[in-house]
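Colleague: What follows is a predicted protein model with its sequence.
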Amino acid sequence: MSIQKHLQEILSALPEGVRLVAVSKTREADQIMEAYLAGHRDFGESKAQEMVPKYEALPKDIRWHMVGHLQRNKVKQIAPFVHLIHSVDSPRLLKEIHKQGEKHQRRIDCLLQIHIAEESTKFGMDQQELVDLLESDLYRQLKFVRICGLMGMATFTEDSQKVRGEFRHLREQFQLVKEKYFSSDDAFCELSMGMSDDYLLGIEEGSTMVRVGSAIFGQRS
């Protein structure tokens, strides 16, 4: 089945209000163009050094999402154009994004990554770190970042109840944070959870954005 067919199949199953980010990391420009020519505009990369040449080579109306762990020294490479950074996992990273946003005079949209999985290899803040950040003086000074929601990655397991529980926990955190800190901020509306193996569970548990790669482009070689 072609990339276009995979894409249409996934899009047709998405409820209204759920956005698909086609994760294009390690994919060639012609594969991305196949999805682009089918009408898709949201693409996700996990490395700045891979995102930049694709941004330069491909149509400028593509919305580029940073979905992988972002090192502070790489922020400057993507700050001029990135649409949404999903993986903000520390105050220091947020501060650097603000600095680069100020340099380019653009407010950069971000999601705060929350650690919900059992694997220690996955990044993200815990509940206390999230609260400490949102109540800090530092956060109030960051005029060139806009927090649009939360992101999380579930444990890589075939135990769907476990994955569902982790997604549910993230949704509950999102609701609490929304009520306490963003109740009058319509921009805080995104809950990014669910990838190729578990995006349907993510949607059932309230995801507004799913990050799907191999189910669109095929298994990586």
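Modeller: Perfect, I can see it now. Residues are numbered from 1 along each chain as shown.
Colleague: can we go C-alpha only for contacts and neighbour counts from here?
Modeller: OK.
Colleague: List the contacts of the residue nearest the centre of the chain.
Modeller: In the chain, the C-alpha closest to the average C-alpha coordinate belongs to residue 86, at a distance of 3.1 Å (CA atoms, centre = their mean). Residues near residue 86 by CA atoms under 8 Å, 6 or more residues apart in numbering: 65, 66, 67, 68, 110, 111, 112, 113, 150, 151, 192.
Colleague: Tell me the most packed of those, by neighbour count.
Modeller: Of these, residue 192 is surrounded by the most neighbours, 33 neighbours in total, counting by other CA atoms under 10 Å.
Colleague: Show the backbone phi and psi for that residue.
Modeller: The phi/psi pair for residue 192 (degrees, to the nearest 10) reads phi -90, psi 100.
Colleague: quick one: it and residue 152 touch, right?
Modeller: Yes - counting by CA atoms under 8 Å, residue 192 does reach residue 152; the two are 6.6 Å apart.
Colleague: just the helices in the chain please.
Modeller: In order along the chain, the chain carries the following helices (DSSP state H): 3-13, 29-37, 48-57, 75-78, 91-104, 127-134, 137-141, 160-181, 199-204, 214-217.
Colleague: Of all those, which one is nearest residue 121?
Modeller: Proximity to residue 121 (CA to CA) singles out helix 160-181 among those, at 15.9 Å.
Colleague: coming back round to it: out of the contacts of residue 86, name the ones that lie in strands.
Modeller: Among the contacts of residue 86, the members found in strands (DSSP state E) are 65, 66, 110, 111, 112, 113, 150, 151, 192.
Colleague: Contact partners for the fifth one?
Modeller: Taking CA under 8 Å, 6+ apart as the criterion, residue 112 is in contact with 86, 87, 88, 89, 124, 125, 147, 149, 150, 151.
Colleague: beta partners for it?
Modeller: Each beta-bridge partner of residue 112 is listed here, defined by DSSP bridges: residue 88, residue 150.
Colleague: Could you measure from it over to residue 196?
Modeller: Distance from residue 112 to residue 196, counting by CA to CA, to the nearest Å: 21 Å.
Colleague: now the fourth one
Modeller: Separation of residue 111 from residue 196 (CA to CA): 20 Å.
Colleague: Number of residues surrounding residue 194?
Modeller: With neighbours defined by other CA under 10 Å, the count for residue 194 comes to 25.
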